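> No letters, just coordinates:
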């Protein structure tokens, strides 16, 4: 929005007036704090003499994707299982891991985890009991679980010779 406003060499106050919205609302729209209604978007597009689709394309163009090749595969001595890091982007809000447990590398006394954020796990293959707080979940291929990760959690028991699962920890940047 700001790009088109500057291209037309009009001030934010002038655009807000022409579109029939407050200056504060325009400021929030330009900063991406709020999304305009379709009516407001239409008014802004008319005031800027551009099609609505041009304003939408601009918003879509700013969205990005992050592709990360497998960056490491480590024997997790601390957690007694194999962890493959599938993404490690500094400052990103989530940490996805693929974890493989076997009877050979799984220790019943494995460390119970407690970390800030929300965790999601998805079982690719195998069966296990997963502990979260005072509850135990019997999980098998295709099952998933989402929970507050600050509550103590972790695999409790393997019910198959091998379990491979996705674990994604999502952390609030504001904490």
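Yep, that arrived. All values derive from a computational prediction rather than experimental measurement. Residues are numbered from 1 along each chain as shown.
> need the contact list for the nearest residue to residue 143 once chain neighbours are set aside.
Nearest non-adjacent residue to residue 143, counting by C-beta to C-beta, 6 or more residues apart in numbering: residue 123, 5.0 Å away. Using the backbone N, CA and C atoms, a C-beta is placed for each residue, glycine as well. Contacts for residue 123 (C-beta atoms under 8 Å, 6 or more residues apart in numbering) come out as 139, 140, 141, 142, 143, 144, 163, 164, 165.
> Tabulate these (CSV), appending secondary structure.
Formatted as CSV, the contacts of residue 123 follow (DSSP: H, G, I helix; E, B strand; the rest coil):
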residue, secondary structure
139, strand
140, strand
141, coil
142, coil
143, coil
144, strand
163, strand
164, strand
165, strand
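> Among those residues, name the buried ones.
For those, a burial check counting by 16 or more other C-beta atoms under 10 Å picks out 139, 163, 164, 165.
> What is the neighbour count of the closest residue to residue 4 other than its chain neighbours?
Spatially, and ignoring its direct neighbours in sequence, residue 4 is nearest to residue 48 (4.6 Å; C-beta to C-beta, 6+ apart). For residue 48, the neighbour count with other C-beta atoms under 10 Å is 20.
> what's the pLDDT at residue 48?
Per-residue pLDDT puts residue 48 at 89.
> what's it in contact with, if anything?
Per C-beta under 8 Å, 6+ apart, neighbours of residue 48: 1, 4, 5, 8, 15, 55.
> let's see it at 7 Å
If you count contacts by C-beta atoms under 7 Å, 6 or more residues apart in numbering, residue 48 has them with 4, 5, 8.
> if I look at it, how far off is residue 24?
Distance, residue 48 to residue 24, using C-beta to C-beta, to the nearest Å: 19 Å.
> any idea which element the residue nearest to residue 143 lies in?
strand 118-125 (DSSP states H and E).
> Tell me which stretches of the chain form strands.
For the chain, applying DSSP state E gives strands covering 72-76, 81-85, 94-102, 118-125, 127-132, 135-140, 144-148, 153-158, 162-170.
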